[in-house]
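Asker: Here is my input; please provide its structure:
(one chain, ligands or ions: 1)
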Amino acid sequence: MDKYDFLIIGSGIFGATVAERLKSAGKKVLVIDRRAHLAGNIYSYMDEKTGIEVHAYGSHIFHTESDEVWDYITKFADFNDYVHTVHTRHDGKLYPMPINLDTINLFYGTNLSAAEAEKFIKQKAEKIDRPKNFAEQAKSLVGTELFEAFLKNYTEKQWRDSAEHLPAALLSRIPVRFSSDARYFMSAKHQGIPKNGYTNLIKNLLKGIDYKLNTSFKDLEPSLKNQTIIYTGAIDELMDYEFGALPYRSLRFETETVENSAQKEAVINEADADVPYTRTHSYKYYQIHSPEIINQPLSVISREYPADFKIGAEAYYPVNNEDSEALYQKYLSAAREKYPNMYFGGRLGAFRYWDMDIAVKNALDLSEKILKETK
Ligand SMILES: Cc1cc2nc3c(=O)[nH]c(=O)nc-3n(C[C@H](O)[C@H](O)[C@H](O)COP(=O)(O)OP(=O)(O)OC[C@H]3O[C@@H](n4cnc5c(N)ncnc54)[C@H](O)[C@@H]3O)c2cc1C
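Answerer: Next up, the predicted model:
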């Protein structure tokens, strides 16, 4: 351990970005990860039979509004021009999602113009003063019919909670559009998929940096010298859950190779209550730079099932509310006291849902701070 200045716990996009920045400033860095592979939750692998790049922890599309993040990340991978769109399946029919002009016309069997649709939805929208929960927020935006068809069951399945109990803020990410624009990430200035896969992106970030897999922080802790540590794991686990576990939702993926699949796009949301999964992924549609991959009869498909989180399961979505925020802050203070030479980051260390670009931006900022503070 003597030869390293910095130890980075976690080889996800956050840890790998910090590692790259510190190494390029001349520091000696070791990255460890307890998993058997690099790249954390953006890990992807090439299915040998089909050549399809499978996103092992669910579909990942890189998208960002930030030139800084895009200029940085594209130094480490060639991205294709994939633009994400999604359909939602309801009663056996596919509708564009988020709800747009075409969704409205298809659902109601109308042929409204943008201006007419806006008026129509205004009439449908319920007058609710300060929506107190997800159901009220949705009804106040799109009315009860669209809420019940497209938003209610999907969200209840994902969070295993009733729409009347879930926070209104969950819906700020699903706007209604009165145009046919079907781009899922409408405000993204840049988006795409790394042509050689996400794991190669991470390998390129870690070029010339030592890393060890199948190694957890607790394995290495006894041999630490005075290294500065960047910890991107879960903070409650680090502190042996002394105040109880932070709340998360988990997922389970059922993956198979199928012939002549009816699915002709990367993601279909499953809006109905009698379908127990929330999304069906078909990964080949991300490889728009390889028509031979897309045009073959085989597809690798994953069905994404929401799952309860128990200690030891994969933590996917933090359940952020006042109580969990207070618990997180308590852990953060205790961890800072116990490990004065440790920085916390990444989606787990911050107990936040972060898209990849936000993880990269936070990693770039933290690296600068670390380099200043450890001069
Ligand atoms: C279902 C799903 C879909 C998503 N889709 C998108 C998308 O389309 N676009 C997008 O931009 N973002 C997406 N995201 C978000 C994206 O996954 C995150 O931004 C990204 O994974 C964050 O990287 P990270 O490095 O912070 O965390 P992680 O990728 O979780 O990396 C943390 C690493 O630390 C390791 N680790 C933890 N504890 C220890 C320990 N004690 N010792 C050793 N190693 C440890 C873990 O094994 C892991 O490899 C999605 C997230 C989910 C859940």
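
Asker: can we go C-alpha only for contacts and neighbour counts from here?
Answerer: Noted.

Asker: So which residues of this protein form helices?
Answerer: Taking DSSP state H as the criterion, the chain contains helices spanning 13-24, 67-73, 101-108, 114-124, 134-146, 153-159, 198-205, 217-220, 235-238, 291-295, 322-338, 346-350, 356-373.

Asker: for the record, mean pLDDT for the last one?
Answerer: Put plainly, it is helix 356-373. Taken as a whole, helix 356-373 has an average pLDDT of 97.

Asker: which parts of the stretch 201-350 of the chain sit against the ligand?
Answerer: Counting by Cα under 6 Å from any ligand atom, the residues of the stretch 201-350 of the chain lying close to the ligand are T215, S216, F217, T232, G233, A234, Y316, Y317, G346, R347.

Asker: Compare those and tell me which is most surrounded.
Answerer: For these, the largest number of neighbours (other Cα atoms under 10 Å) sits with G346, at 26 neighbours.

Asker: Of all pairs in the residues of the stretch 201-350 of the chain next to the ligand, which one is the farthest apart?
Answerer: T215 and Y317 (23.9 Å; Cα to Cα).

Asker: circling back to that earlier point, export the residues of the stretch 201-350 of the chain next to the ligand to a markdown table and tack on distance to A271 and pLDDT?
Answerer: Output for those, formatted as a markdown table (distance: Cα to Cα, whole Å; pLDDT from 0 to 100):
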| residue | distance to A271 | pLDDT |
| --- | --- | --- |
| T215 | 40 | 97 |
| S216 | 39 | 96 |
| F217 | 40 | 96 |
| T232 | 34 | 98 |
| G233 | 33 | 97 |
| A234 | 31 | 97 |
| Y316 | 20 | 95 |
| Y317 | 19 | 94 |
| G346 | 31 | 98 |
| R347 | 27 | 97 |
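
Asker: closest to N260 among those?
Answerer: Nearest member of these to N260, counting by Cα to Cα, is Y316, at 31.0 Å.

Asker: so where is this structure shaky, pLDDT-wise?
Answerer: Residues of the chain that meet the criterion pLDDT under 70 lie in 172-175.

Asker: Domain boundaries for it, per the record?
Answerer: Domain assignment of the chain by automatic domain parsing yields the ranges 6-82+190-246+318-373, 97-173, 248-308.

Asker: and K122, what does it touch?
Answerer: Contact analysis of K122 by Cα atoms under 8 Å, 6 or more residues apart in numbering lists L141, V142.

Asker: Oh, that last question was meant for T228, not what I typed.
Answerer: Contact partners of T228, counting by Cα under 8 Å, 6+ apart, are D5, F6, L7, N341, M342, Y343.

Asker: is it in a bridge, and if so with what?
Answerer: F6 (DSSP bridges).

Asker: ok, of the residues of the stretch 201-350 of the chain next to the ligand, which one's closest to I13?
Answerer: Nearest to I13 among these: G346, at 8.2 Å, using Cα to Cα.

Asker: what's the spacing between that closest one and M186?
Answerer: Distance from G346 to M186, counting by Cα to Cα, to the nearest Å: 25 Å.

Asker: ditto for G109
Answerer: Taking Cα to Cα, one finds G109 at 25 Å from M186.

Asker: The two: who's more crowded?
Answerer: M186 (14 against 10).

Asker: Filter the residues of the stretch 201-350 of the chain next to the ligand down to just the ones in strands.
Answerer: Y317 (DSSP state E).

Asker: Which single one of the residues of the stretch 201-350 of the chain next to the ligand is nearest to N100?
Answerer: Looking across these and measuring by Cα to Cα, the closest to N100 is Y317, at 26.4 Å.

Asker: Relative to I209, how far out is that closest one?
Answerer: The gap separating Y317 from I209 is 30 Å, by Cα to Cα.

Asker: cool, and L171?
Answerer: Per Cα to Cα, L171 is found 41 Å from I209.

Asker: Next: E48.
Answerer: For E48, the distance to I209 equals 28 Å [Cα to Cα].

Asker: Nice, that's everything, thank you.
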